[in-house]
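>>> The sequence and its predicted three-dimensional model are supplied below.
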Number of protein chains: 2
Amino acid sequence: MRPTSVYEQIADDLRTKIADGTLQPGAQLPTESELREQYGVSSRSTVRQGLMVLVNEGLIVPKRPKGYFVRRWQPMVYRPQSEFGKRPPEVDIFTHLINSDGSGRSAKQEIEVAIVQPPSAVQERLRTDEADSVALRRRTRFLDDKPYNLNDSYAPLDLVQGSEWMSPADVARGTNLVLAELGHELVQALDEIYIRMPRPEEVRRLDLGPGTPVAEHIVTTFDPDGTPVQVTVNVVPGDRHVIVYERRKPDGAEPQPRIPWGAP
Amino acid sequence: MRPTSVYEQIADDLRTKIADGTLQPGAQLPTESELREQYGVSSRSTVRQGLMVLVNEGLIVPKRPKGYFVRRWQPMVYRPQSEFGKRPPEVDIFTHLINSDGSGRSAKQEIEVAIVQPPSAVQERLRTDEADSVALRRRTRFLDDKPYNLNDSYAPLDLVQGSEWMSPADVARGTNLVLAELGHELVQALDEIYIRMPRPEEVRRLDLGPGTPVAEHIVTTFDPDGTPVQVTVNVVPGDRHVIVYERRKPDGAEPQPRIPWGAP
DNA sequence: TCGTTCGCATTGACTGGACAATGCCAACGG
DNA sequence: CCGTTGGCATTGTCCAGTCAATGCGAACGA
């Protein structure tokens, strides 16, 4: 057998202890010095290398000057389909989502509005010209004053200019309804979900710990003519969300499946 | 301003060059020695620390003894909904998916079948008893002989035992149809998507590069009575997949949105 | 001509340090 | 009693190396 390196041994041992519950979420790991003794390594950096593996796997976080701790993991339900509920939601979707979860947690969002050159990914999906500017409605959503996700909506400028869509404040009845009133009811959507590591700006805006991947959830919504009306880029941190869809076979039966919560 | 550390500077500079296209996918980065000169650091480990940041972000990969290279990123469409297509697929879904993409690539899968104690996440969703064993149909799917995703399906033992569901070979008409023939047509599904870093076993089975996050896509399927019939745990590497859903407002119009491919 | 071997540039693992930054907590002072 | 300060354990950054592993390509040999 190929003898694994020391730092891999350290990482493997600690990872096992985390997986089997010997080290519970929130528990403190041995310090670097202690590990150095335990494994008989004479250099701190070797131990650090092992710990760094787990940090980058998102399993532990260092807290200076306390030590390393097993990370907590509390995903909230992120439900793209709620947007197209049977009845249009009466309040803003995000606030609605939180209130309906009955936990009495504080939901808040910061809203900025701007006119920008869209990134090419947005431009392709919105089918706008290269030179065209578009409207951007950028939201950072907070739960209990901690950032939860980013939500950048783009729409053609001529479509939304002057409307409530571009007001940097909560729109109680939802911006989708605003678009409907402007003659573009959103009836179809294409969701794309990319899994990747966050960019530095996202780490900053979302206050992400190391080793936290994100989902980039791009929603392209269409009106009845099949014209793309809005492209929304959601950045959804993996340590705080589960993305949930419900599917039904066409002409399938009625009963709703109950949701068996409990992370994997 | 807080002066950023040297290794952060190196990481930031290189990251910028990758983002703006100065360093294209596949391009070689400066070697550790070159960077040590460029930034006037006298220790190799500092340079390595900077490079390690980018490795863990999945942006570059080291290839010994050549140097570091900008990573390529070619996502394939992963479409959970295809399972519930209007017409049941005539061939196995995975093979079907590949063939329909018209690229003439080779699709293959390794299939193992076993009777196991399910992980608790599966047990909860399948609503089986703690002591109950369940049937496991484990598939590793390959595209051009490279692993693409893992697909572990669990079903109650009494339901599938002796059926084709438990044969360790391709089932041309699809295992879902087998379940239907056994009196449990799958008409509803609940999809949960967790975003996380892979476990070592997943790294091994999928041959994942460093800094590659995965989506754990758990599908719980129900028969018309609302009974969970099958739980499938898909592990989907972020560097090779985009997860795609199409949504439609109930009673919405017909036209299908076209898909504007091109990664973000 | 063609296969083999060996040099070599590069990354991987590890040593054994130094000094800085952080934030908790105990000792101290008013 | 309460606020301030300074000690201290711990992690963060960086230094200056050694030897190992890898795989490509050039030099070599049959």
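Arrived safely, thanks for sending.
>>> any idea how far DNA strand D is from A:Leu14?
12 Å (Cβ to the nearest atom of the strand, to the nearest Å). All C-beta spots, glycine's among them, are computed from the backbone N, C-alpha and C.
>>> Oh, that last question was meant for A:Thr232, not what I typed.
35 Å.
>>> can you check A:Gln117 too?
34 Å.
>>> all helices for chain A, in order.
A:6-19, A:32-39, A:44-56, A:93-99, A:120-126, A:157-160, A:175-181, A:200-206 (DSSP state H).
>>> could I get the ones you listed as TSV with distance to A:Thr140?
Output for these, formatted as TSV (distance: least, Cβ to Cβ, whole Å):
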stretch	distance to A:Thr140
helix A:6-19	31
helix A:32-39	36
helix A:44-56	25
helix A:93-99	11
helix A:120-126	18
helix A:157-160	20
helix A:175-181	16
helix A:200-206	6
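>>> which of these has the lowest average pLDDT?
Mean pLDDT values for the helices of chain A show the minimum at helix A:93-99, a mean of 52.
>>> Please produce CSV containing the helices of chain A, extended by distance to B:Pro156 and mean neighbour count.
Converted to CSV, these look like this (distance: least, Cβ to Cβ, whole Å; neighbours: other Cβ atoms under 10 Å in any protein chain shown):
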stretch, distance to B:Pro156, mean neighbour count
helix A:6-19, 26, 17
helix A:32-39, 44, 15
helix A:44-56, 36, 20
helix A:93-99, 33, 18
helix A:120-126, 42, 20
helix A:157-160, 51, 17
helix A:175-181, 41, 19
helix A:200-206, 40, 16
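>>> Could you export these as CSV, including distance to DNA strand C?
What follows is the helices of chain A, written out as CSV (distance: least, Cβ to the nearest atom of the strand, whole Å):
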stretch, distance to DNA strand C
helix A:6-19, 3
helix A:32-39, 8
helix A:44-56, 4
helix A:93-99, 29
helix A:120-126, 31
helix A:157-160, 43
helix A:175-181, 38
helix A:200-206, 16
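>>> so which of those helices gets nearest B:Asp158?
helix A:6-19 (30.5 Å; Cβ to Cβ).
>>> quick one: the closest one to helix A:44-56, angle?
Helix A:6-19 and helix A:44-56 are oriented at 40 degrees to each other (axes from the mean of the first three to the mean of the last three Cα atoms, to 10 degrees).
>>> Tell me which residues are up against helix A:6-19.
For helix A:6-19, contacts defined as Cβ atoms under 8 Å, 6 or more residues apart in numbering or on different chains pick out A:4, A:22-23, A:29, A:35, A:39, A:41, A:46-47, A:49-51, A:53-54, A:57, A:59-60, A:70, B:200.
>>> one more time with 6 Å
For helix A:6-19, contacts defined as Cβ atoms under 6 Å, 6 or more residues apart in numbering or on different chains pick out A:Leu23, A:Tyr39, A:Val41, A:Thr46, A:Gln49, A:Gly50, A:Val53, A:Leu54, A:Leu59, A:Val70.
>>> swap in stretch A:70-87?
Residues contacting stretch A:70-87 (Cβ under 6 Å, 6+ apart): A:18, A:23, A:25, A:27, A:59-61, A:191, A:236, A:239-244, A:263, B:247, B:249.
>>> Just the ones in strands from the residues you listed, please.
A:Ile60, A:Val61, A:Asp191, A:Val236, A:His241, A:Val242, A:Ile243, A:Val244, B:Arg247 (DSSP state E).
>>> Could you single out the nearest of those to DNA strand D?
Here the nearest of these to DNA strand D, counting by Cβ to the nearest atom of the strand, is A:Val61; it sits at 8.4 Å.
>>> residues in contact with the closest one?
Counted by Cβ under 6 Å, 6+ apart, A:Val61 has contacts A:Phe69, A:Arg71, A:Gly209.
>>> The same query, at a cut-off of 8 Å, please.
Contacts of A:Val61 (Cβ under 8 Å, 6+ apart): A:Val55, A:Tyr68, A:Phe69, A:Arg71, A:Gly209, A:Pro210.
>>> near DNA strand C, which residues of chain A show up?
Those residues of chain A that sit near DNA strand C, judged by Cβ under 7 Å from any atom of the strand, are A:5-8, A:41-46, A:49, A:64-66.
>>> what are the ranges of the strands in the stretch 51-200 of chain A?
With DSSP state E, counting those that start in this stretch, the ranges of strands along the stretch 51-200 of chain A come out as A:60-63, A:67-70, A:76-78, A:107-116, A:134-143, A:146-156, A:188-196.
>>> can you put these in TSV and add mean pLDDT?
As requested, the strands of the stretch 51-200 of chain A are arranged in TSV below (pLDDT from 0 to 100):
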stretch	mean pLDDT
strand A:60-63	97
strand A:67-70	97
strand A:76-78	88
strand A:107-116	92
strand A:134-143	94
strand A:146-156	95
strand A:188-196	95
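>>> Reformat the ones you listed as TSV; add distance to B:Ala131.
Formatted as TSV, those follow (distance: least, Cβ to Cβ, whole Å):
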stretch	distance to B:Ala131
strand A:60-63	34
strand A:67-70	29
strand A:76-78	30
strand A:107-116	42
strand A:134-143	38
strand A:146-156	39
strand A:188-196	35
